[in-house]
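Chemist: Sequence below, structure please.
(chains A and B)
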Amino acid sequence: MTAFDARGLIGELTVTLDVDVLVGAYADRDGPPGTPSSVLAALGAHGIRAGAVASLRAALFDQRSGNDEVLALQGVVPVGALDLRDPIGSVREMERLAALGVKAVRLFPDEQGVEAGFPSVRHVAKRAAALGLVVLTGGDVRRFWQPFSGLGAQVVFLDTHFYHLGDFLVVAADEPGFHTSTRLLNSPDALESVPADRLLYGSRTPHYEPLVPLLRLATSGLKPEEITAVAGGNARRLLG
Amino acid sequence: MIVDVHAHWGPWFFTMDVAEANLATMDRYGIGVSIVSATEAVIYDAAAGNRALDGWLATTERHYGYVTVNPRRLAEAERDLDEYLPTGRFVGVKIHTDYTGSPVTSPQMRETLALVASRGVPALVHTWGATVLDLAQACLDTPGLRAIAGHMGADGHRHAVEAARACDRLWLEPCYSHAPAGRIAQVVAGVDPGRLLFGTDSTLIDPASAFGAVAAAGLSPDVAEMVAWRNAVQLFGLDITA
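Modeler: Numbering: from 1, shown residues only, chains lettered A, B, ... in the order given. Take a look at the predicted model:
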């Protein structure tokens, strides 16, 4: 044991559903490989029992074949990845996925070079809300809240940074379907500032260290029942 | 035992309420000593912040201070260095490149770094991306300067490896609000472990961020001990034995 032993601080905390998990690789990065087996092994090594998994192949190259790859995985909650560069195809893919029982879709605006004000985002947001799909979205929450406003949409902002926590809190007060991932809420009191039913554990395994949000949640000032909700209860409520 | 070489004292302008040092948080992560700069000094007024920090440091036994220097106000900086370094409560200098509009390559920053070198204390300098390479070059160009690359370039950690290899008077400190997979392990694999320090950016960032990222790297016991405190004790000349 060294001075940097995180397991003792994390204790018995287990995550029943991680809302931010990816399979596949980025062409511009050295790694990790992101094979389904290695991703699931990484989750297991951190006591994360299940992940809401989306495909980078779908996000970066081909929606349908990438999403089919995720649909074929066992023991995960499949999330359909959409390509906002193709709003027509994205809506078609959403309708296909919804018919197959998929509960959530994921947007990758940063990776696809899409801004919040692009027509494609509002188009996809409207259709997702109409289909009752939960949207997991990347991007700066200060901008990406807007295409989802007034739709009654269920949205999880995966990239909410604690610098922008105030902006999330004020828009979430008006939008009961707005939620946030814990991943970048790393200031000393950020987790404690969000209503616990709007907070979902997200790690972005395998491209981020799952240990950091795990450690922050385990050492937070949240009550045990709130930690249980954040560690998967809220995600199960949204995603099944 | 851990020495946190990148910490702060004072309030922040974000949605947070963490103005005071949190000893319970330090204890939770085994942080025995923190070296802090005043947020007021970093963000707004160096002289006023240094003065406030000097007063507060007299009330605590687990914190040392950085004299924050604004490269645009060198006369003021020189006065503060002369006033606060001899107290023994201040053990280094903090320079934020962005808040002061002073890139490492700017003339005023070069002059500032020479001033710091003349006082014989290390400088913690904010680095982001490839600017860590600029800091290495500044070290090479400034005799006697010992510099710590704050955030070790953040998303530019691969540049930090090159920077540390280029200059043996440059140390790396890892705090970052993001935790890209494998970042710490890659740096540890590429850099002399004698030049790695531990910092959290507390109270801006919870120590969970840096601690968790370093924990994920699975350091060997020897390297972990160097990163946790031995290197910091040597660099700052701290009177700490364990």
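Chemist: host element of residue 213?
Modeler: This is for chain A. Using DSSP states H and E, A:Pro213 maps to helix A:211-218.
Chemist: not quite, I wanted chain B
Modeler: helix B:208-216.
Chemist: starting at the chain centroid, how far to that helix?
Modeler: Relative to its chain's centre, helix B:208-216 lies at 17 Å (CA atoms, centre = their mean, to the nearest Å).
Chemist: With stretch A:139-147 instead?
Modeler: Worked out by CA atoms, centre = their mean, stretch A:139-147 lies 14 Å from the chain centre.
Chemist: First residue to last residue on stretch B:34-53, what's the distance there?
Modeler: 13 Å (CA to CA, to the nearest Å).
Chemist: looking only at pLDDT, what's the mean for it?
Modeler: If you average the pLDDT over stretch B:34-53, you get 98.
Chemist: what do you get for stretch A:148-162?
Modeler: The pLDDT scores in stretch A:148-162 average 98.
Chemist: so what secondary structure elements neighbour the lowest-mean-pLDDT helix or strand in chain B?
Modeler: Lowest by mean pLDDT, DSSP states H and E among the helices and strands of chain B is helix B:23-28, with a mean of 94. When contacts are defined as 3 or more CB pairs under 8 Å, 6 or more residues apart in numbering or on different chains; DSSP states H and E, helix B:23-28 packs onto strand B:31-38. Every C-beta, even on glycine, is put in place using the N, C-alpha and C of the backbone.
Chemist: Apply 10 Å and report the result again.
Modeler: If contacts are counted by 3 or more CB pairs under 10 Å, 6 or more residues apart in numbering or on different chains; DSSP states H and E, helix B:23-28 sits against strand B:2-9, strand B:31-38, helix B:208-216.
Chemist: Okay, helices next: where are they in chain B?
Modeler: B:23-28, B:39-43, B:46-57, B:74-84, B:107-119, B:131-141, B:157-166, B:183-190, B:208-216, B:221-225, B:231-236 (DSSP state H).
Chemist: and the angle from the helix holding A:Pro213 to helix B:208-216?
Modeler: Relative orientation of helix A:211-218 versus helix B:208-216 (axes from the mean of the first three to the mean of the last three CA atoms, to 10 degrees): 130 degrees.
Chemist: which strands and helices sit next to the helix holding B:Ala213?
Modeler: Judged by 3+ CB pairs under 10 Å, 6+ apart, the packing partners of helix B:208-216 are helix A:7-10, helix A:211-218, strand B:2-9, helix B:23-28, helix B:183-190.
Chemist: repeat that with 7 Å
Modeler: helix A:211-218, helix B:183-190 (3 or more CB pairs under 7 Å, 6 or more residues apart in numbering or on different chains; DSSP states H and E).
Chemist: Just the CA trace of it, in PDB.
Modeler: Presented in PDB, the C-alpha positions along helix B:208-216 are these (Å, rounded to 0.1, in the frame of the first residue of the first chain):
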ATOM      1  CA  ALA B 208     -10.100  13.300  -5.300                       C
ATOM      2  CA  SER B 209      -9.200  14.400  -8.800                       C
ATOM      3  CA  ALA B 210      -5.400  14.400  -8.500                       C
ATOM      4  CA  PHE B 211      -5.300  11.700  -5.900                       C
ATOM      5  CA  GLY B 212      -7.600   9.400  -7.900                       C
ATOM      6  CA  ALA B 213      -5.600  10.000 -11.100                       C
ATOM      7  CA  VAL B 214      -2.300   9.200  -9.300                       C
ATOM      8  CA  ALA B 215      -3.800   6.200  -7.600                       C
ATOM      9  CA  ALA B 216      -5.000   4.800 -11.000                       C
END
